[in-house]
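>>> My questions are about this predicted structure, shown below with the sequence.
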Amino acid sequence: MAWLWLLIPLTPLLLVPILMRWPKLRSVVWLAPLPALPLAFMRPDTLVLPGLWPGAQLGIADGLSAILLLFTAALWLAAGLCAVSGHAKDPHARRFWVFWLLSMTGNLLLILAQDGASFYVGFTLMSLSAFGLVIHNGTTESRRAGRLYLQLAIVGELLLFMGLMLRVHEADGSMLLTAWQETPAGLPTLICLLIGFGLKAGFWPLHVWLPAAHPAAPAAASAVLSGAMIKAGIIGLWRFMPRGSGEEVMSLPASVAPWLLAIGLISAFYGVAVGLLQTRDKTALAYSSVSQMGYLLVLVALLLSQSVSVEALGLLLGFYVVHHGLAKGALFLGAGMAHEYRLSRVHWVLMALPAVALAGFPLTTGAVAKSLLKDQVGNSAFAAWEILFYVGSMATLLLVSRALWLIWRSQPGGPPATMPLPWKLGWGSLCLAAPVLPWLWPDLRVALLDTLSLYGLWGLMWPLLLGAVVIALVVRFNPQWHLERLARYQPGLVLSLRLRRWLQTRPVARDPMLPERPVRMPWAGWRNLERRWNRLGRDVVQVSAWVMALGLLWVLL
Amino acid sequence: MSLHEWMLDGTLGLLVLILAVAVLHVRSLYISIVLFIAFGLLLALIWARLGAPDLALAEAAIGAGLTGTLLLAAYGRVSERRRKAEEPLDWHAGPALLLSLIIAVILMRAVWPLPDLDSALVPAVADQMAQSGVGHPVTAVLLSFRAWDTLLELLVLLLAFMAVRQLLPSLPRQPEAWPLLQAWSRLLAPLSVLIGGYLLWRGSADPGGAFQAGALLAAGAILLRLTGLLPALGWHHFWIRALILGGCMVFLAIGVAGYWLGTGFLGYADGWAGPLILLIEVFATLSIATTLTLLVIGETREVRE
Amino acid sequence: MTAALIALLLPLFTALCLLLLRSRSGVLVIVTSLLTLLAAAWSLYDVTVNGPQWLELGDWPPPLAIRFQLQPITALLLVFSAMIHLLVAVYAAGSQHSKTRYTDFWPLSCLLQGSLNALWLSGDLFNWYVTLELLGLAAVALVALSGRKAYGPALNYLLLSLGASLVYLLGVALAYGRYGVLDISLLGAMTEADTTTRIAWWLMTLGLMLKAALWPFHLWLPRAHASAPTAVSALLSALVVKGPLFILWRLWSEGAPTELAVEAGPVLAVAGIAALILGGWSALRTPWLKSLVAYSTVAQLGYALMALGLLMYWQLPALDAALWLFVLAHGLAKASMFLAAGELQASLGSKRVSALRGTTETMPVAMFAFAVAGGSLIGLPPSGGFLAKWLLLEPMFETVNHWPWVVGILLGTLISAGYVFRVVALAFDRADPVPPDFSPDRFAHWLALLPALVVWGLALISEPLIHWLTGVPL
Amino acid sequence: MTQVLFYLILGVCLWALGLYGLLRLKESIRRIISVNIMGSGVFMVMVALAARSEDPDPVMHALVVTGLVVAISATAFALRLSVADVQEDDQ
């Protein structure tokens, strides 16, 4: 039965040529992740594919992977359903769906991967294909964002590849992730992996591409970008990092852990701070993703610090990823929808659900994720920092309220419109997931019931109440601070543009309208040297004969 | 070795060296070409001294004769300006000479121990001569033991011809035929056919064979063509094509037939070796003669049509 | 063996028939190429099942006869050359920009393939000389197909190839004078590391290096390959330079005494690194598109040379696989790149790299083919180029003081990434795209993409591939 | 010093002379001539090697015949090419 795993990557891949041939089938393409749902429950044996590359294995080893597979597939399904109606009249729909399928393949493959190479293949496929999604709209903004995305993605790929090689080397040639988790990692490896995966996960300071790219993509694409794909970075860190016991395995990672915690916390608050300054809804949501990725990085820090049990941490990671993925997906889809139609009251109620879940409102998935996170930090070596997580809840509430308000403002005028049915289904199910999911999923239900004690409720509520007070004050006094200019400053985009200009305009002549000005380049001397060198090789026969004769002399003497 | 043999070898060797140096250093291209032809003839003498009459024949016909004709034909086509241009003796003549000398000395070290060694193939050839179907060892090697080399070599010749066909036509410069030459060639051409046929026939037992015969036939044809006694040999004639390709085709077909019949690729069935080799040689001779003729004097237009 | 013989003779017969009938039928060549490919695949199957085989030509006993040897690598190379030839034949017959339809391209390319197959199968020093001459003449004739402007480079190529053959032949003569046999396997059992052997082997090596355009003997290659018609450049870069490399490999891994090989290895490996860096630099700087691709051949051959040198130096047969994987991956990628480059420059009406501005918009498939093939040249996983590089790096990871080689490979990788991205970055500059002069030929673009996809697909069959290359059972 | 060694050395010298020509000369016809001199050197080495045994070695002689044909084929092509090339230069 192990071969069933192949269905997951092969179904979308096979759909690509089918779609090229029969473009009309695009209304069913969204069903491509369907095989993942039953397989996540069945969990057949691991599939070993020695013919593919050494050590290639696909399968699910632990509960965390099953959760990730199930909910990633579900998110892709729901977002895909929305995309069907979103791209019904799009002239470039085929292109969109091809990249959609490819990045979905990559995303699912990396979850299934049991060895480094398969993970890398999936990761690369996902990263590079997502470029097609980012630039899909074809506007200047999206092209700019896409360029930055691609530049950083390639840098990330290279670093990640170096990290992968180093890891293979450290593990004596073994490709298996389980083996890597027992192997100590050197500092260069850790740095390569952290930056490589960090560029995908988008925590501070590697987030520069994220607020540009996620809003630029079409609504469904930003939902999966923010909901599913950026998690790949965290999953990668989780899987590649050592976690075994023993002094010599963990001494170095444990010393890195506080730094990660610091970065995670900076990221969490930085995201909120900059997000609050934004004037566009999707950008604010993207910054909220930056902030949330900070919390996920804290989880990795906890893993490395070894003060919490790995199983509990794994479950928490699963909850958090699922919670954030579904909620953020729902919000992005909602924002995309609000740009097209005016939403009705019911829609706003639905939209509020994922928003409050993100802030950690009781009885939602967010409540579980947040309170468990606080508990784990409280139990760990970093207990002193626990208070910051309470403040973080408040900050998140502020940011999502701001985002909701921005979405409200971006609606077109006129009476509320009726939405297409697929959209309603896809988006609605994602919105309802926040309160309903805990009741369907036993593990989550148990954890949710734990938060309902008085102490737990108070822990959840007081930051929210504080937040509510702040919001009320802001609404009441409506201060005009004009901080937007701060938010518009995006060094990443500027540098990316510089890089592009440097790469592209250097060989091409300058504007012909300008008068020629003799410029003495700093490298003119080198250029002359090169010219002289080139001139040396003009008479090919003679030079080659000389080289031959001198070579004979040299090797024979 | 007696003194007069030494004298002979020494003189020949010295002469060859001096000629070679002169060929490279003389100023006029024309004289250089003429000296090179003389160099080739001298080489033929040396081959004869070294007990290689086959090679002496081949060198005289191919090395000196045809190469010389080719060089002169090329000389006829280059422009006046190019002919007059002399090789300047520039700065790197000195270092080049020094370098070549050092390399020659190194190579002498390499050849020093060789005269005392011997080859494993000489007794092997002697052993197998009886089965080869021919009486002359060189022919046996060429058409039996290393027939694949020979087949490929026919292909090389064909390919050279094909390659020349690709070139765009160059300006033809055909001088008027010289009356005396015309008269002589009427006499020489049949003679060359006769001698060629004889060489081919003798090739199975004595020095001589397809290449020498082919070269001689070609020489006759070239003479006739130059004097205008032979019509143009265009590629568009089916028979010309068949002649040129016949050698390779017959050779290949016999080789494959041998594999088919179980005597190995390019092997001959018992008792059939002699006739088959003769057959191959006849076709190869015709093929070589036609190809060389067209290569040497065929105007590009004739070759291309 | 029968299958290999068919693969050898079929192209030759096709060429002769085409010439005899004055036919310019591309269809016939495509059909026979396909049959050749099938025969080669059959021989690969045969050799995998039954092990290496010998064929004594004419059934003469070994020291006398020329012997054909069919090893897994030979069979794989037969398949590889048949595949490339088939692809190029389809391109030459189908593309509106290939200027090869009204010339003698067909018989010449068939002869080229036949002589290459003869080279793969042979194991005789002098027979190799003849096959090298065949290969060289066919290649020069093909270069000359593109008219007067190619005559200069073709003449240089021919003269150097002739000179190189004579250097090689002197080596052969010395080897024969020393040991009295010409068969490489028999030589392998007899050779000793004395002066004559050393000089003979180096003469042969230098001659072959010049023929294979290995650094620093590469000067003739860029102009010759760049001035040839597109289909021919693809054949030359993908196949022809690999022939002498094959002889070089057998010469050192089979025929040379160990001490000599260990002594010569570092020289070749260092030349390989120099090729990687300097060839790559030239590719980075040249303003012409086809020159860029041709210089990248020079650079990429550096990997093969390095693999060969290290194979000799460390006496590691495992590096065989790296060497031949490089050859296969480079051949496929380069065929793709040359076809794409040829189509791009024919449609754009300019040979400059700078004319490629915005081609992702005007000719996306061709540009994609170029980029994908470039990815394999850089060695991005999971392409064939990556596999080869991985196999080459593996033994270096095992010992700490091998790091200078790793640095060399890294530099080479960076430079190849540089010249590929140079083109790709320009192609993405869509603000002011250069409009094509002629209508792009979609069919040819997709055809160019095909080998690039195959080279990425090599990763999927890496296990059997490595098995064939090393001869170690799975 | 025997006759064989004498001719071996002579052959090597001719070969080196041909190489010298390639190093120095620029005119293409002259270059072709030097390549031919180089070839003659190799052939002389081979014929001298053949003369080592009592009966001259037929294999070497056959190889030289093959080599001569290969040499003339290539020379013919090179000369045509050089003439065509030169004409191009003149125009």
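Good, I have the coordinates.

>>> Which other helices and strands does the helix or strand containing residue C:293 contact?
Taking DSSP states H and E as the definition, residue C:293 sits inside helix C:289-314. Applying 3 or more Cβ pairs under 8 Å, 6 or more residues apart in numbering or on different chains; DSSP states H and E, one finds that helix C:289-314 contacts helix C:220-227, helix C:230-235, helix C:242-250, helix C:258-274, helix C:280-285, helix C:318-348, helix C:384-398, helix C:403-427. C-beta: built from backbone N, CA, C; applies to glycine.

>>> right, so those helices: which one is the most enclosed?
helix C:230-235 (a mean of 30; mean count of other Cβ atoms under 10 Å in any protein chain shown).

>>> How far away from the center of its chain is it?
Remark: helix C:230-235 is offset 12 Å from the chain centroid, using Cα atoms, centre = their mean, to the nearest Å.

>>> ok, residue C:275 - contacts?
With contact set as Cβ atoms under 8 Å, 6 or more residues apart in numbering or on different chains, residue C:275 has these partners: C:214, C:215, C:216, C:218, C:298, C:299, C:301, C:302, C:305.

>>> one more time with 10 Å
Applying Cβ atoms under 10 Å, 6 or more residues apart in numbering or on different chains to residue C:275 gives the contacts C:213-218, C:297-306, C:412.

>>> Residue C:304 versus that one, what's the distance?
According to Cβ to Cβ, to the nearest Å, residue C:275 and residue C:304 sit 9 Å apart.

>>> and if you look at residue B:163?
Distance of residue B:163 to residue C:304, given as Cβ to Cβ: 28 Å.

>>> and the host helix or strand of residue D:19, average pLDDT?
Using DSSP H and E, residue D:19 sits in helix D:3-24. Averaged across helix D:3-24, pLDDT comes to 90.

>>> to the chain's geometric centre, what's the distance from stretch C:50-60?
Mean-position distance between stretch C:50-60 and its chain equals 26 Å (Cα atoms, centre = their mean).

>>> What are the buried residues along stretch C:183-201?
Applying a neighbour-count criterion of 16 or more other Cβ atoms under 10 Å in any protein chain shown, one finds C:183, C:184, C:185, C:186, C:187, C:191, C:196, C:197, C:198, C:199, C:200, C:201 buried in stretch C:183-201.

>>> check whether that stretch contacts chain D.
No. Stretch C:183-201 stays clear of chain D (Cβ under 10 Å from any Cβ of the partner chain), getting no nearer than 10.5 Å.

>>> touching chain D at all, stretch C:157-168?
Yes. Stretch C:157-168 reaches chain D (Cβ under 10 Å from any Cβ) through C:157, C:158, C:159, C:160, C:161, C:162, C:163, C:165, C:166, C:167, C:168.

>>> now the residues you listed in JSON lines, with pLDDT and distance to residue B:32?
Formatted as JSON lines, the residues of stretch C:157-168 next to chain D follow (pLDDT from 0 to 100; distance: Cβ to Cβ, whole Å):
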{"residue": "C:157", "pLDDT": "92", "distance to residue B:32": "24"}
{"residue": "C:158", "pLDDT": "93", "distance to residue B:32": "20"}
{"residue": "C:159", "pLDDT": "92", "distance to residue B:32": "17"}
{"residue": "C:160", "pLDDT": "92", "distance to residue B:32": "21"}
{"residue": "C:161", "pLDDT": "93", "distance to residue B:32": "23"}
{"residue": "C:162", "pLDDT": "93", "distance to residue B:32": "18"}
{"residue": "C:163", "pLDDT": "93", "distance to residue B:32": "18"}
{"residue": "C:165", "pLDDT": "93", "distance to residue B:32": "23"}
{"residue": "C:166", "pLDDT": "93", "distance to residue B:32": "19"}
{"residue": "C:167", "pLDDT": "93", "distance to residue B:32": "23"}
{"residue": "C:168", "pLDDT": "94", "distance to residue B:32": "26"}
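
>>> and which of those residues is nearest residue A:50?
residue C:168 (42.4 Å; Cβ to Cβ).

>>> buried residues in the helix holding residue C:293?
Residues of helix C:289-314 classed as buried by neighbour count (16+ other Cβ under 10 Å): C:289-314.

>>> Please look at residue C:427 and residue C:433 and confirm they touch.
Yes. Look at residue C:427 against residue C:433 with Cβ atoms under 10 Å: they come within range, at 9.1 Å.

>>> Mutual contacts of these two, please.
Common neighbours of residue C:427 and residue C:433 (Cβ under 10 Å, 6+ apart) are C:356, C:357, C:358, C:359, C:360, C:361, C:362, C:363.

>>> Per-residue pLDDT of the first one, please?
Note for residue C:356: predicted pLDDT of 85.

>>> what sits against it?
Residue C:356 neighbours (Cβ under 10 Å, 6+ apart): C:289, C:341, C:344-345, C:348, C:350, C:362-363, C:366-367, C:370, C:422-429, C:433-434.

>>> Go again with 8 Å.
Neighbours of residue C:356 in contact, by Cβ under 8 Å, 6+ apart: C:289, C:344, C:348, C:367, C:423, C:426, C:427, C:434.

>>> Quick check: it vs residue C:94, distance?
Counting by Cβ to Cβ, the separation of residue C:356 from residue C:94 is 23 Å.

>>> just to revisit the earlier point, make TSV from the contacts of residue C:356 and add pLDDT and distance to residue B:228 to it.
Putting those into TSV (pLDDT from 0 to 100; distance: Cβ to Cβ, whole Å) gives the following:
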residue	pLDDT	distance to residue B:228
C:289	90	50
C:344	88	51
C:348	85	51
C:367	90	58
C:423	89	57
C:426	85	60
C:427	86	60
C:434	78	56
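
>>> I'd like those as a markdown table, with distance to residue A:125 appended.
As requested, the contacts of residue C:356 are exported to a markdown table (distance: Cβ to Cβ, whole Å):
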| residue | distance to residue A:125 |
| --- | --- |
| C:289 | 29 |
| C:344 | 26 |
| C:348 | 31 |
| C:367 | 20 |
| C:423 | 23 |
| C:426 | 25 |
| C:427 | 21 |
| C:434 | 31 |
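
>>> Just give the number of residues close to the residue lying closest to residue B:114 once chain neighbours are set aside.
Among residues not flanking residue B:114 along the chain, residue C:177 sits closest, at 4.1 Å (Cβ to Cβ, 6 or more residues apart in numbering or on different chains). Per other Cβ atoms under 10 Å in any protein chain shown, the neighbour tally for residue C:177 reads 27.

>>> Now do the contacts for residue C:177.
B:111, B:114, B:117, C:196, D:45, D:49 are the contacts of residue C:177 under Cβ under 8 Å, 6+ apart.

>>> Write a ChimeraX command that selects only the buried members of the shared contacts of residue C:427 and residue C:433.
To isolate the buried ones among the shared contacts of residue C:427 and residue C:433 in ChimeraX, judged by 16+ other Cβ under 10 Å, type:
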select /C:356,357,358,359,360,362,363
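
>>> which one of the shared contacts of residue C:427 and residue C:433 is nearest residue A:251?
Scanning those for proximity to residue A:251, where the rule is Cβ to Cβ, the winner is residue C:360, at 48.9 Å.

>>> So what's the gap between whichever strand or helix holds residue A:346 and the chain middle?
Assigned by DSSP H and E, residue A:346 belongs to helix A:345-359. Relative to its parent chain, helix A:345-359 has a centroid offset of 23 Å by Cα atoms, centre = their mean.

>>> next one: stretch B:186-197
Relative to where its chain is centred, stretch B:186-197 has its mean C-alpha point 18 Å off (Cα atoms, centre = their mean).

>>> Now do the residue most central in space within chain D against residue B:36, distance only.
What sits nearest the mean C-alpha location of chain D, by Cα atoms, centre = their mean, is residue D:39, with 1.4 Å. Residue D:39 sits 12 Å away from residue B:36, going by Cβ to Cβ.

>>> Output the below-cut-off pLDDT ranges for chain D.
D:1, D:85-91 (pLDDT under 70).
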